[in-house]
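**Student:** Quick one: sequence and predicted model below, then my questions.
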Amino acid sequence: MNASPVLLDVRDLKVHLRVGPVLVKAIDGVDFQVRHGECVGIVGESGSGKSTMARAVTRLMPNVAIGELSGRLTFDGRDILGMPDAELRRLRRGRGFSMIFQDPLGYLNPTQRIGRQIGEALARDAGAGADQARIRTLLDEVGLPDPANIARRYPHELSGGQRQRVMIAIALASDPQLLFADEPTTALDATVQLQVLQTLYRLHRERNMAMAIITHDLGVVAELCDRVYVMRAGKVVESAETVTLFENPAHDYSRRLIELSTRRHTRGAGA
Amino acid sequence: MSETTLTAHAARLMRTRHGSIGAVILIAMALIAVFAGLLAPYAPLQQTAESLAEPSAAYLFGTDNIGRDIFSLVVHGARSSLLVGLGAALAALLVGGTVGIVAGYFQGPVEAVLMRIVELFQTLPVIILVLCAVALFGSSFWLLIAAVALAIWPMEARLVYGQYLKLRDRDFIAAARVADLSTAHIMFREILPNALQPVIVQVALDASIAILIEAGLGFLGLSDPDMVSWGRLLFVAQDYMDSAWWMSLFPGAAICLTVVGLNLFADGLNEVIDPRGSAGAGGLQ
Amino acid sequence: MLRFIGRRALYAIPLLLVIVVLMFSMLHLIPGDPVQALVGDYPVPPAYRQAIEEKYRLNDPFLVQVGNYLANVVQGDFGFSYQNQRTVLSLILERAPRTILLAAVSFGLAIPLGMLIGIACGTTRHPGVDKFWTTTALIAYAIPTFWLGQLFVMFFALKLGWFPTQGIGPMVSRTQGFAWVLERIRYLALPVMAFGIHEGMRIARIMRASVIDTLSQGYIVTARAKGLGRGQIIRSHVLRNSSLPLVTIAGYAFGHALGGAVLLETVFTWPGLGLLLVDAIRLRDNMTVVGVVIFSAIAVVVMNLVVDLLYAMLDPRIRTMR
């Protein structure tokens, strides 16, 4: 059991979204914790509300869509929901939380060079020269060869795996205590998936950085995570240590997810 | 589209703010055009006692240089403006729609040639195309409609072509092909109805452009001299700007109102077709 | 990228050739005497008739005539305007700079203004701001520029006397230096206002739609996750990306404006290409009509090339295309 103090504490989170005239209860009373340096998995099928939760917790939801947003959300002891924008921006810029997304091509600006997009996320304290050095260090850290060259390139010139590594570099630029990864490998080829996951795991270890990985793939959870939350229809149906969940799932839904995933993986191995 | 869905669409259109205002303006304009003879106190070409009279109870919009009542002229002008607008837009739909569908259906060299022709027509500014046509062939009422249609059909062709490409690979088209239905049947019975809604929006916008072009030709003194038209009233007004502002103000306002009506109507239609697309800005947080 | 531009340029040449051939063919469609069709409504002396018949080989087969005309155009010979007693080329060269000046100043004001309004509408947190400008733009766009011009002349020139009613100013100006610039501005002000408002509002509409589209993109979420502020996001992520569609549309409109803002030039008696065209049509000076149309086609095609170049510079996805 991880005994380090709680970093992110979510209590009774409710997110109701306005979809045209109807109100959808995307998140309906969720409790959720991440401790310092811990890796937590959030699994569920698409539409279970796991991505919405990550967006709500990091306050990246578009305001227009929100019908109701309530609950108690604290990060490092500070209230996130009521936090003024300026303070929130400071938190995102340094020692706070970052996020990477499923589709790195869409989440990188197509008209800007990689270096600039990373530099933007750096805290504004060093000079331009120091910034260049830090950008190269970050690119190197996420496992991209020839960082000086990559920094000069545009997103469309890179491969899918390279782009996701760039996204990770951007997320790391603020030296976050917690990294949300929303389906980080879903859009990638199988071989590249594994490499990117290994990189994430290494960074998690080296930096002692907490991670929350959102995925529909229990295989990913089994590889990386200490604890797992299983979500379904906006609610957490089970939370357990990864080992416990796989050996002795308490909820029917968890059992079905595990069965599905094992079947998929054995079939994949047989092919 | 069956009758019930048509009324349902109309009802939804009237619930959008833009659509309802636009529809009211257009209906009012159409009524004015139809009942011009009843609404106008004078026959359009009849000369009253006073020339260049200011707007008053007797002459709502004043009179022009040869003593014609501007209000009666503006009311009668609605006829030619709306007829040219609607006529040219429908003619453009017929020509452009056929070209778009044929290009989409046959692909290959037919598509290449037709789309090059469309681009050729789009190279020249619309007003210059119309001026050339009018200069060469004259400007009787029907030629005017043809000239305006000539200038705006490429937009319609592009749109229908684009819609066609979007629909071409859908299942029901493939099914129709497998069922060995005739080419004409697939083109006009299967694809056309499905591309109809954006096309109707484009027709409304085309009509507004046609009305502006017609007004422009009238303003240059190149429209049919026997027709009362708003643009032609502005052509005459150009020489009396220093003495009779009303000769310019009212015909111009009539053009504006009609064009705004058509644009609002098109906006409303768009909103009905794609409620999310026109939901507007959420702003940046 | 060079190949991309080269391909576009190669594509433009046949387009221009077709337009020249079509215009010449249209002259032939005019019923009656071909010489009269070329010269227009003007009594033709026998000696001049013979000169024209020889120059345009009017007794040769049609294709030879077309080829001959094309060869002349390529050498810059658009024929002779009998009504003006000058070559068509010299007329065009005299008028074009004035039209370019009007279009350039109008767009120079309309583009930043329209972009500013579009960005404000797209990014504002107050729905009232967006509604106000959307409605204003809708109405402004429906106003015919020539009518707006008339209203401006009646109000600003005739009633208030702030600006001259028409023209581009005295041919020989007695003023110098700054006073000369002021005099130019006084003559430019009204046509530029009428033109600029129309184009500016159009640009605002396009920009607004484009900004709203950009704001829905993933990289805006990334930018927010980085902790960037509103202003910074707009400056470094919204502005450039939203301008891309604008480049095409505004460039296209500018090309068309170079072809002659016929109606606007008529309202203000601005002696540019548009007015030249209208006068030529009224006088049936067909050589000049054809010349101006061909020139405007060239202007449009060249502007389209400039647009392609600009687009490629702004969008690295095209720039880095091999």
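**Tutor:** Received it, and whenever you're ready, just let me know what you need. Numbering: from 1, shown residues only, chains lettered A, B, ... in the order given.
**Student:** Against which helices or strands is the helix ranked longest in chain B packed?
**Tutor:** Longest helix in chain B, counting residues (DSSP state H): helix B:70-106. Applying 3 or more Cβ pairs under 8 Å, 6 or more residues apart in numbering or on different chains; DSSP states H and E, one finds that helix B:70-106 contacts helix B:17-34, helix B:36-39, helix B:108-123, helix B:141-168, helix B:192-219, helix B:230-237, helix B:245-273. Placement of C-beta: from N, CA and C, glycine included.
**Student:** residues touching C:Met201, list them.
**Tutor:** C:114, C:117, C:136-137, C:140-141 (Cβ atoms under 8 Å, 6 or more residues apart in numbering or on different chains).
**Student:** cool, and B:Pro198?
**Tutor:** By Cβ under 8 Å, 6+ apart, the contact list for B:Pro198 reads B:159, B:163, B:273.
**Student:** Next, please give the residue ranges for the strands of chain A.
**Tutor:** A:6-19, A:22-35, A:39-43, A:66-75, A:78-79, A:97-100, A:178-182, A:210-215, A:227-232, A:235-241 (DSSP state E).
**Student:** what about these, which gets the closest to chain C?
**Tutor:** strand A:97-100 (4.9 Å; Cβ to the nearest Cβ).
**Student:** Note down every partner strand of the closest one and its orientation.
**Tutor:** Strand A:97-100 has its sheet partners listed here by DSSP bridges as strand A:178-182 (parallel).
**Student:** what angle do the partner strand and strand A:22-35 make?
**Tutor:** 140 degrees (axes from the mean of the first three to the mean of the last three Cα atoms, to 10 degrees).
**Student:** Give me the nearest residue to the closest residue to chain B within the stretch 101-250 of chain A, chain neighbours excluded.
**Tutor:** With Cβ to the nearest Cβ, the shortest gap between the stretch 101-250 of chain A and chain B falls at A:Asn109, namely 14.9 Å. In space, and not counting its chain neighbours, A:Asn109 is closest to C:Tyr219: 4.3 Å by Cβ to Cβ, 6 or more residues apart in numbering or on different chains.
**Student:** where's the one you found relative to C:Leu93, distance?
**Tutor:** 48 Å (Cβ to Cβ, to the nearest Å).
**Student:** Have a look at the two and say which one is more surrounded.
**Tutor:** Neighbour totals were compared for C:Tyr219 and C:Leu93, and C:Tyr219 leads with 23 against 12 (other Cβ atoms under 10 Å in any protein chain shown).
**Student:** element containing the more buried one, please.
**Tutor:** Using DSSP states H and E, C:Tyr219 maps to helix C:218-225.
**Student:** What average pLDDT does that helix get?
**Tutor:** Averaged across helix C:218-225, pLDDT comes to 90.
**Student:** Which strands or helices does that helix pack on?
**Tutor:** helix A:104-107, helix A:160-172, helix C:230-233.
**Student:** mind checking how far that helix is from the chain centre?
**Tutor:** 38 Å (Cα atoms, centre = their mean, to the nearest Å).
**Student:** ok, now stretch C:79-87?
**Tutor:** The mean C-alpha position of stretch C:79-87 is separated from the chain mean by 24 Å, Cα atoms, centre = their mean.
**Student:** Equivalent analysis for stretch B:91-111, please.
**Tutor:** Using Cα atoms, centre = their mean, the offset of stretch B:91-111 from its chain centre is 21 Å.
**Student:** ok, now stretch A:17-26?
**Tutor:** Computed by Cα atoms, centre = their mean, the chain-centroid distance of stretch A:17-26 equals 24 Å.
**Student:** again, but for stretch C:75-94
**Tutor:** Using Cα atoms, centre = their mean, the offset of stretch C:75-94 from its chain centre is 21 Å.
**Student:** What lies in contact with it?
**Tutor:** With Cβ under 8 Å, 6+ apart, stretch C:75-94 has contacts from C:38-40, C:42, C:44, C:48, C:72, C:273, C:276, C:280, C:283, C:285, C:287-288, C:290-292, C:294-295.
**Student:** now do the same end-to-end measure for it.
**Tutor:** 18 Å (Cα to Cα, to the nearest Å).
**Student:** buried residues in it?
**Tutor:** Within stretch C:75-94, the residues that qualify as buried are C:78-84, C:87-89, C:91-92, counting by 16 or more other Cβ atoms under 10 Å in any protein chain shown.
**Student:** Those residues in helices, which ones?
**Tutor:** C:88-89, C:91-92.
**Student:** I'd like to know which of those residues is nearest to chain B.
**Tutor:** C:Ile92 (13.9 Å).
**Student:** thinking again about what came up before, tally of neighbours for the residue of the stretch 101-250 of chain A closest to chain B?
**Tutor:** Quick note: A:Asn109 (other Cβ under 10 Å) scores 23 neighbours.
**Student:** before we move on, the earlier item: go through the contacts of B:Pro198 and name the one nearest chain A.
**Tutor:** Looking across the contacts of B:Pro198 and measuring by Cβ to the nearest Cβ, the closest to chain A is B:Ile273, at 14.6 Å.
**Student:** need the helix or strand of the chain with the lowest average pLDDT.
**Tutor:** No chain specified, so I'll use chain A. helix A:252-270 (a mean of 70; mean pLDDT, DSSP states H and E).
**Student:** wrong one, chain C
**Tutor:** When each helix and strand of chain C is scored by mean pLDDT, DSSP H and E, helix C:34-39 comes last, with a mean of 70.
**Student:** Send me whichever helix or strand comes after that helix as PDB with only the CA atoms.
**Tutor:** Sequence-wise, the next helix or strand downstream of helix C:34-39 (DSSP H and E) is helix C:46-55. Extracted in PDB, the C-alpha atoms of helix C:46-55 (Å, rounded to 0.1, in the frame of the first residue of the first chain):
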ATOM      1  CA  PRO C  46     -12.100  53.500 -95.600                       C
ATOM      2  CA  ALA C  47      -8.400  53.800 -95.000                       C
ATOM      3  CA  TYR C  48      -8.800  52.800 -91.400                       C
ATOM      4  CA  ARG C  49     -11.100  50.000 -92.300                       C
ATOM      5  CA  GLN C  50      -8.500  48.600 -94.600                       C
ATOM      6  CA  ALA C  51      -5.800  48.900 -91.900                       C
ATOM      7  CA  ILE C  52      -8.000  47.000 -89.400                       C
ATOM      8  CA  GLU C  53      -8.900  44.300 -91.900                       C
ATOM      9  CA  GLU C  54      -5.200  43.800 -92.500                       C
ATOM     10  CA  LYS C  55      -4.100  43.900 -88.900                       C
END
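**Student:** for helix C:46-55, which positions count as buried?
**Tutor:** So for helix C:46-55, counting by 16+ other Cβ under 10 Å, buried means C:Ile52.
**Student:** How much space separates the residue nearest to the spatial centre of chain B from B:Ala23?
**Tutor:** The structure's chain B has its C-alpha centroid closest to B:Ala207; by Cα atoms, centre = their mean the separation is 0.7 Å. The gap separating B:Ala207 from B:Ala23 is 14 Å, by Cβ to Cβ.
**Student:** Tell me, how many residues neighbour C:Asn59?
**Tutor:** Residues near C:Asn59, counting by other Cβ under 10 Å: 10.
**Student:** Once you drop chain neighbours, what's closest to it?
**Tutor:** C:Glu53 (6.4 Å).
**Student:** Isn't that neighbour up against C:Gln36?
**Tutor:** No: the pair C:Glu53 and C:Gln36 fails to qualify as a contact (Cβ atoms under 8 Å) at a distance of 11.7 Å.
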